[in-house]
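>>> sequence plus predicted model, see below.
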Amino acid sequence: MRPFKYTRAAETAKAVEAISKNKNARFLAGGTNIIDLMKEDVARPDELVDINRLSFDQIKATSGGISLGALAKNTETANHPLVRQNLPLLSQAILAGASGQIRNMATNGGNLNQRTRCTYFYDTAMPCNKREPGTGCGAMEGINRMHAVFGWSEKCVAVHPSDMCVALAALDANVKVQGADGKTRSIAFADYHRLPGDSPELDNNLKHDDLITEIEIPKNNFAANSYYLKVRDRASYAFALVSVAAALDVSGGKIKDARIALGGVAHKPWRALEAEKFLKGKDATEANFKAAAEMEMKAAKPLEHNKFKVELGKRAVARALTMAMNGGKTA
Amino acid sequence: MAKYIGKEMSRVDGFAKVTGQAKYASEYKIPNVAYGYIAQSEIAKGSIKSIDTSEAEKQSGVLKILTHLNCPKTKSKDEAFAALQSDKIVFSGQPIALVIAETFEQARFAARLIKTEYLKAEHVTEAEKAPTVEAPAGFFGKPKPRGDANTAFEKSEVKIEAEYTIPIEHHNAMEPHAAIAMWDGGKLMVFDKSQGVGTVQGHLAESFGIPKENVSVSSEFVGGAFGSALNPNYYSFIAACAAREINRPVKLNYTRRQMFTGNGYRPYTWQKVRIGASRDGKLQSIIHEAVGNTSSFENFGENPNSFGRTLYKCENYDTPYRLAKTDLPTPTWMRAPGAVSGAFALESALDELAYELNIDPLELRMINYAETDPETGKPFSSKALMECFKTGAKKFGWEKRKMEPRSMRDGRWLVGWGTATGLWGAYQAPATMKMTVRKDGSVYIGSATADIGPGTYTVITMIAAEYLGIEPDKIKFELGDTKLPNAPMQGGSLTVASVGTAAHGAAGQIKQKLLEIVLKMKNSPMADAKIDDVELADGVLRTKKDKGNSLTIGQILQEGGLDEVSVTHTSMPGKERGQYTTQAHGAQFVEVKVDEELGIIKVTRVMEATACGRIMNPKTSHSQEMGGVVGGIGMALTEITEIDHRYGRMTTTDLASYHVPSHADIHEIETEFVEEIDTVVNPLGVKGMGELCLVGIPAAIANAVFHATGKRFRDLPITPDKLI
């Protein structure tokens, strides 16, 4: 990797200050992605500011819901009683991602900021607008089996790789960040990640010197009827072909509220708003689930090798909703 | 009654491995070692117009940069790829420079500052579009057509014709390839990851034009290889070049990505199978065509379609085989090379025939059972395949199978049962072993074989223990070093048959020497005893008739005025083998559960019934069989090296995107050994199993998926996108 400066921040203000002074500096948390990217020469920061000593590692109940510290590890988060009881969807989604070893290191904040695993992005000999704007998109007419069917642009067809974020999108989480001015602000999860558009080099709407401090998940009534379904090439340690976070608030067989987000289909976790809208007030039946799934996937624009994701997406959404309705039990 | 052979024994090197004491090639701490990093070509074909290393050279820690402009030229005439020899680019990922620095990180960083201009030429990496040539004869020559396959096919009552494809796959052993090279005057010493130190020694001696005696190679432990460390790979030569240039030891370690272009792969294979049969299921004709990819500069062939020639009774058999010349690195042997690819096609086609005829797939195999070798007419030295069929079927519960596809369910899951047959040659090669027995009852044995994971350290120790009558923990076995007597490389499942036989023979010679001392004693307690009248057991030499009539090895050596007795024994394949066909066989039964809607396949149960002679260690044998099954599951369902043919570049070059099965993919794997008593193959009666256990698995899985879903998959791997 390229030579870089390493500093360990003892307090938040210092960490933010260090980053704001150097536009080639990056925060270092779990390091499970950025270190890989540096070894591959994809990420080339000249300074890493280690924030692991900062105190944002708590998971706690708040008046509004549950707060996940940005530096809490994925493993700890998934297994925390508060999360397991109140947010089983999130717990399932985290455990569906990566491997045990990686989850032990990876932090919640880092999970949001991980980069795509598009193989063109990772290979510096290949064109990639995300890695090197202006070089073209290798995947667009290349091997794009793993790529986007929603929201892609001529510049980029990569997908966001996280499972955790798919659940967070469904649960309408808020991302709390501290800026260079010392003020904290809240970003709605739907506005956190972005579509590639003309600047695929940007994965999200964070400013360079923003530091994520916590992720807040508002109270909800989904704990009894939620399910995270991940379809992948092998049973563990594989990125989603399609994944679905489904959550239902059902009363007397009627759907009061529905949340559906898809992973592996877009540059950001894809909220199935059409399907959600359709389901609200309807009976919680398999026929309605299928109709909702069908409706949502109509807008999909597949590429040469990922046409299967359209049909798979329909089936996965319907299945995830059915599983959610069954309380996660296999039919 | 054997004391050790046939009993379960844990690995003798297990403790060293789990405690980190076992050293792999790159783990040796060598004073003053420098580190190499390979810079690689970004184009698939053409030449280097210019290469500018000036910026890289300026970086801190950089000691030397080798390119084709300054790298010593190899003196080897071998057509295998040699790195940094010319400006010509023959595959993407080809080394174009070797940066040597004080640390690995410095070398890697500097490598990225090298500026290269290429003259690009048009490449072809897609085997279907590449020009083809006749495949070279393999180890056993080019098989000639048997009978008149075309005419017999045309005349057959029932005909099956289908095409099958297998993508390029990579071994992806856990341990990346690595070498540490160091010179002492004109002598070269190399730590390497190798399945046969002798081949690396020969390669380096030839490359530098120095006598073999001046090259020593050590490979004490290997973290998996699966064929990728059989042929010498290019890195040991350039590591040694660099070490000579800077006059310091040099360590060169592949990254995971470099393992995709630096040590071969299982070739892409296209196959077309035509089977002609009678209505009652008798095979009339098999025409099994194959095309495998190779590189532009070397013809690698593995005869995938020869697999079935000795398996079934069928008078007319033809196996045309060609190679497609692609602008990729040369393929190499990968676990059960050829056979597993051929078996996928033929054993799938037989399943298709079974359905065409409405005959149970296992029954169809029994109908066409070959009692003698259909190719040569010779008898088999042993062949308990029929027992494998019967035992395996019984244990699996095959009789409960309903013939009709989609007829079995477990809730939402479609259930499918499939079977296929495995076959692998029972090979043996000359091997030499040094064996020394000391006065204190301790033993040293040494042979330049390898242990890439199957348990060679353990099993050869057990054999020596058995025939010396000495406990295994008193025996120290050294392998993987050219200072030791010659042994074949660990490939083709021949190690125990070769090196084990040498151990058996060496122990016999030790016994002979000890008896000679005893016979010379005054008032010898075993006067007039012949070699067959005595035995080594429990640390003593004793007469078989009167077991109390014994002398300890210590007493005998004391008597002979010796501290130790030592022999070097070479064993050769027996002459009797020539009158027989020697093979190992197996029947594989697989259960899959399929979620058709989501494209998910789970291999829930595998029953391996295997006949491979005598089982030396049921524990390591079971372990080896499980490994083969896991390899088969990967081949059938998950493994594929994708290539973007526009760039001629592999894209799935890490363990996140190249999918070997994970623990969660593996369910129940049961093994059943049908033991054979075979006095022809070798005195131990042992046949290899390491490749055999994989051969039928991909076909059995594909057949099970057909049974579950009614869909026939002829293109591996069967991923969710293909299934839905």
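Received, thanks.
>>> where along the stretch 251-400 of chain B do the helices fall?
B:339-357, B:361-367, B:385-396 (DSSP state H, counting those that start in this stretch).
>>> most remote residue from chain A's center?
A:Gly252 (32.4 Å; C-alpha atoms, centre = their mean).
>>> out of the helices of the stretch 251-400 of chain B, deepest packed?
Neighbour counts (mean count of other C-beta atoms under 10 Å in any protein chain shown) averaged over each of the helices of the stretch 251-400 of chain B peak at helix B:339-357, with a mean of 26. All C-beta atoms are positioned from the backbone trio N, CA, C, and that covers glycine.
>>> all strands for the stretch 201-331 of chain A, in order.
A:211-218, A:226-232, A:240-251, A:254-263, A:270-271 (DSSP state E, counting those that start in this stretch).
>>> who wins for proximity to B:Tyr369 among these?
B:Tyr369 lies closest to strand A:226-232 among these, at 41.3 Å (C-beta to C-beta).
>>> now do the closest one, average pLDDT.
For strand A:226-232, the mean pLDDT works out to 98.
>>> so that strand versus strand A:240-251, what angle?
170 degrees (axes from the mean of the first three to the mean of the last three C-alpha atoms, to 10 degrees).
>>> residue boundaries of the helices in the stretch 51-200 of chain B?
With DSSP H, counting those that start in this stretch as the criterion, the stretch 51-200 of chain B has helices spanning B:54-57, B:104-111, B:149-155, B:197-208.
>>> also the stretch 101-250 of chain A?
Under DSSP H, counting those that start in this stretch, the stretch 101-250 of chain A gives helices at A:108-113, A:119-122, A:164-170, A:189-192.
>>> returning to what we had before: mind putting the helices of the stretch 251-400 of chain B in TSV, mean pLDDT and distance to B:Ile89 included?
Listed next are the helices of the stretch 251-400 of chain B as TSV, based on pLDDT from 0 to 100; distance: least, C-beta to C-beta, whole Å:
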stretch	mean pLDDT	distance to B:Ile89
helix B:339-357	98	29
helix B:361-367	98	48
helix B:385-396	98	48
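>>> and the residue of chain B most remote from its centre, helix, strand or coil?
Within chain B, the residue lying farthest from the chain centre (C-alpha atoms, centre = their mean) is B:Asn523, at 53.6 Å. Following DSSP: H, G, I helix; E, B strand; the rest coil, B:Asn523 is assigned to coil.
>>> around chain A, pick out the residues from the stretch 351-500 of chain B.
Within the stretch 351-500 of chain B, the positions adjacent to chain A are B:Gly411, B:Arg412 by C-beta under 8 Å from any C-beta of the partner chain.
>>> for chain B, same thing?
So far as C-beta under 8 Å from any C-beta goes, chain B lies against chain A at B:42, B:92, B:105, B:108-109, B:112, B:411-412, B:597-600, B:602, B:637-638, B:642, B:644, B:646-647, B:649, B:651-654, B:656-657, B:659, B:661-665, B:719-721, B:724.
>>> let's see which of the residues you listed end up in helices.
B:Glu105, B:Arg108, B:Phe109, B:Pro720, B:Asp721 (DSSP state H).
>>> quick one: the last one from A:Glu311, how far?
For B:Asp721, the distance to A:Glu311 (C-beta to C-beta, to the nearest Å) stands at 9 Å.
>>> helix, strand or coil: sort out B:Glu478 for me.
strand.
>>> okay, now the residue of the stretch 1-150 of chain A at minimum distance from chain B: neighbour count?
For the stretch 1-150 of chain A, the residue closest to chain B is A:Ala125, as judged by C-beta to the nearest C-beta, at 3.8 Å. When neighbours are counted by other C-beta atoms under 10 Å in any protein chain shown, A:Ala125 registers 14.
>>> quick one: contacts for it?
B:Glu42, B:Ser92, B:Tyr647, B:Arg649 (C-beta atoms under 8 Å, 6 or more residues apart in numbering or on different chains).
>>> for it, report the pLDDT, please.
pLDDT at A:Ala125 comes out at 97.
>>> A:Phe150 against A:Pro269, yeah?
No - counting by C-beta atoms under 8 Å, A:Phe150 does not reach A:Pro269; the two are 10.6 Å apart.
>>> which residues are common contacts for these two?
A:Leu262.
>>> which of these two has more neighbours?
When A:Phe150 and A:Pro269 are compared for neighbours, A:Pro269 comes out ahead with 28 against 22, by other C-beta under 10 Å.
>>> could you give the number of residues near the nearest residue to the more buried one once chain neighbours are set aside?
Closest residue to A:Pro269 apart from its sequence neighbours, by C-beta to C-beta, 6 or more residues apart in numbering or on different chains: A:Ala169 at 3.7 Å. A:Ala169 has 27 neighbours, counted by other C-beta under 10 Å.
>>> do the same with B:Ile286
The burial count for B:Ile286: 29, using other C-beta under 10 Å.
>>> partner residues bridging it?
B:Ile275, B:Tyr317 (DSSP bridges).
>>> for the one 4 residues further on, same thing?
Using DSSP bridges, the beta-bridge partners of B:Ala290 come out as B:Gln271, B:Tyr321.
>>> burial count for it?
28.
>>> who's in contact with it?
B:269-272, B:304-305, B:319-322, B:341-342, B:345.
>>> hey, which helix or strand in chain A has the poorest pLDDT?
Across the helices and strands of chain A, mean pLDDT, DSSP states H and E gives its lowest value to helix A:12-21, namely a mean of 95.
>>> any chance you could list what contacts that one?
A:7, A:9, A:25-27, A:47, A:49, A:51, A:54, A:178-180, A:182, A:208-209, A:211, A:213.
>>> wait, B:Pro131 touches B:Lys325, no?
Yes - if you go by C-beta under 8 Å, B:Pro131 and B:Lys325 touch, sitting 5.4 Å apart.
>>> which positions in stretch B:187-195 come out as buried?
B:Leu188, B:Met189, B:Val190, B:Phe191, B:Asp192, B:Lys193, B:Ser194, B:Gln195 (16 or more other C-beta atoms under 10 Å in any protein chain shown).
>>> and stretch B:5-20, by the same measure?
Buried, per 16+ other C-beta under 10 Å, within stretch B:5-20: B:Ile5, B:Gly6, B:Met9, B:Arg11, B:Val12, B:Asp13.
>>> any idea how far the residue nearest to A:Pro269 is from A:Leu89?
11 Å.
>>> any residues in contact with both of these two?
Joint contacts of A:Ala169 and A:Leu89 (C-beta under 8 Å, 6+ apart) are A:Ala245.
>>> sketch out the low-pLDDT regions of chain B for me.
Residues of chain B meeting the criterion pLDDT under 70: none.
>>> need the contact list for residue 157.
You didn't say which chain, so I picked chain A. A:Cys118, A:Cys137, A:Ala139, A:Met140, A:Asn144, A:His147, A:Ala148, A:Pro196, A:Leu303.
>>> ah, no, chain B please
B:Ala277, B:Ser278, B:Arg279.
>>> do a quick rundown of the strands in the stretch 51-200 of chain B.
B:62-67, B:88-89, B:95-101, B:115-120, B:132-134, B:158-166, B:178-184, B:187-192.
>>> count of residues packed around B:Ala229?
The tally of other residues near B:Ala229 (other C-beta under 10 Å) stands at 32.
>>> doesn't A:Ala245 make contact with A:Ala167?
Yes - counting by C-beta under 8 Å, A:Ala167 touches A:Ala245, with 4.5 Å between them.
>>> need the pLDDT of A:Lys274.
If you look again at residue A:274, you'll see it is Glu, not Lys. So, for A:Glu274, pLDDT stands at 96.
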